[in-house]
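> Got a predicted structure plus its sequence, pasted below:
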Amino acid sequence: MTHTTKQLVLSPALAADMQAVEAQLMHRIQSQSELITAAGQHIIGSGGKRLRAMLALVAAQLGTYTLKDTLHAASAVELIHAASLVHDDLIDDADRRRGRITVHTKWDQGVALMVGDYLFALAAGEMALAPDPRVIQIFSEAVMTISASELHPVLVTTPIETALEQYYAKIGGKTAALFEAATAAGMVCGRGTPEQIKALAQYGYDIGLAFQIVDDILDFISDEATLGKPAGNDLREGTITLPLIYAVSQGSSNGLAMLFEGDELTAEQVAHTIQQVEQLGGIELSIAEARRVAERGLAALDVFPPSPAKDMLIEIVDYVLDRHF
Ligand code: FPP
Ligand code: MG
């Protein structure tokens, strides 16, 4: 397994439009409250990839694209994402994100709660400026799904059918729903037909699933320097993800399933479990599953003829799959 990271190469036109999204985000976060501005810049300026905004722009380019018509949906999705991260770190009591200290740690919990709400309200304002009211509907449904999924953890590692059902419900809600909304809203802004919007929604959902599976794999095989947060975090917190589910399914005598019935794992248990999950093929099986899900997303694009925008959506899938392996 190589640890090279694929870089996304943007056309000059897409790079310029992404700059416009960046400028819009930075502009929107300017508030009369210095605290909101500082905490907002802290999270918005922490160097995310803006993948969701890019997906919205490129999806629109499969239809009739103008930046003006797509900018607001692209900005909205990044604001929703930022809001959810601030709230998520608060709920998880995480110290760092993307290598940076989190908002509730730098300021306090109340600030994180309010900044998250503020970002979410900014997103609502952006949605309202989109050229089609379906954009509001798409994003509000996504936020409902994201919020509800936070309340439904994966509870079991076995039987595998139940574990997979819970895992896909979880990652579908917490990650794929926003990718789906980004691409569907993009296609709405690009004046796509209902069939085209549906195809883009499927593509977005599936690459969102693949993205989260990769994230969950990286939590096992990557390191703190790459992740911007400690590796093995999911295990330490008792969060059940795909590599563990697959590893448990490879044999009932490995004792892995039982580990999760007790208290939080110790550092030794985490290290041992990571080793066992690798040995039992949990990582390899998960990589194969991420590829399979991504392929399904790519197949949804078959309804579109070849175009530079379609090539870019294919590139993004490669990028998502090759992020670190
Ligand atoms: C990350 O999960 C989870 C999310 C990004 C979704 C969190 C959603 C909410 C807190 C609901 C509030 C939503 C809005 C829009 C205000 P994780 O903890 O598994 O991943 P991590 O490693 O990135 O922290
Ligand atoms: Mg978290």
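Looks like it arrived, so ask away. Ligands and ions are numbered 1, 2, ... in the order given.

> pLDDT weak spots in the chain?
Applying pLDDT under 70 to the chain picks out residues 1-5, 229-230, 252-254, 257, 260-263, 324-325.

> ok, now with 50
Within the chain, the stretches with pLDDT under 50 are 1-3.

> Show me where it has its strands.
96-97, 100-101 (DSSP state E).

> Turn these into CSV, columns for distance to L14 and mean neighbour count.
From N, CA and C alone the C-beta is placed, and that goes for glycine too. Formatted as CSV, these follow (distance: least, C-beta to C-beta, whole Å; neighbours: other C-beta atoms under 10 Å):
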stretch, distance to L14, mean neighbour count
strand 96-97, 26, 18
strand 100-101, 26, 16
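
> of those, which approaches ligand 1 most closely?
Ligand 1 sits nearest to strand 96-97 of all these, at 6.8 Å, using C-beta to the nearest ligand atom.

> strand partners of that closest one, parallel vs antiparallel please.
If you go by DSSP bridges, strand 96-97 pairs up with strand 100-101 (antiparallel).

> can you tell me if the partner strand touches ligand 1.
No: Strand 100-101 stays clear of ligand 1 (C-beta under 6 Å from any ligand atom), getting no nearer than 12.8 Å.

> can you list the residues that contact that strand?
H42, S46, D95, G228 (C-beta atoms under 8 Å, 6 or more residues apart in numbering).

> Ligand 1 contacts on the stretch 1-150 of the chain?
80, 83-85, 87-88, 91-92, 94, 116, 120, 143, 146-147, 150.

> Most neighbours out of those, which is it?
With neighbours defined as other C-beta atoms under 10 Å, the most crowded of those is I80; it has 26 neighbours.

> Not counting residues beside it along the chain, what's closest to that one?
A123 (4.7 Å; C-beta to C-beta, 6 or more residues apart in numbering).

> State the number of residues packed around that neighbour.
Applying other C-beta under 10 Å, we find 24 residues neighbouring A123.

> before we move on, what about A124?
If you count neighbours by other C-beta under 10 Å, A124 ends up with 15.

> List the contacts of it.
When contacts are taken as C-beta under 8 Å, 6+ apart, A124 is in contact with A76, I136.

> do the same with the one 4 residues further on
The neighbours of A128, taking C-beta under 8 Å, 6+ apart as the test, are I136.

> Alongside ligand 2, which residues does this structure contribute?
D88, D92 (C-beta under 5 Å from the ion).

> which non-adjacent residue is nearest K6?
That would be D322: by C-beta to C-beta, 6+ apart, it lies 4.0 Å from K6.

> is it true that the one you found touches L8?
No: in terms of C-beta atoms under 8 Å, D322 does not count as a neighbour of L8; the distance is 10.2 Å.

> Could you report the separation of the residue nearest to K6 from R291?
11 Å (C-beta to C-beta, to the nearest Å).

> which other residues reach stretch 150-169?
Residues outside stretch 150-169 that contact it (C-beta under 8 Å, 6+ apart): 88, 91, 149, 170, 173-174, 209, 239-242, 244-245, 248-249, 252, 256-257, 260.

> Kindly recompute the last result at 7 Å.
Residues outside stretch 150-169 that contact it (C-beta atoms under 7 Å, 6 or more residues apart in numbering) are 91, 149, 170, 174, 240-242, 244-245, 248-249, 256-257, 260.
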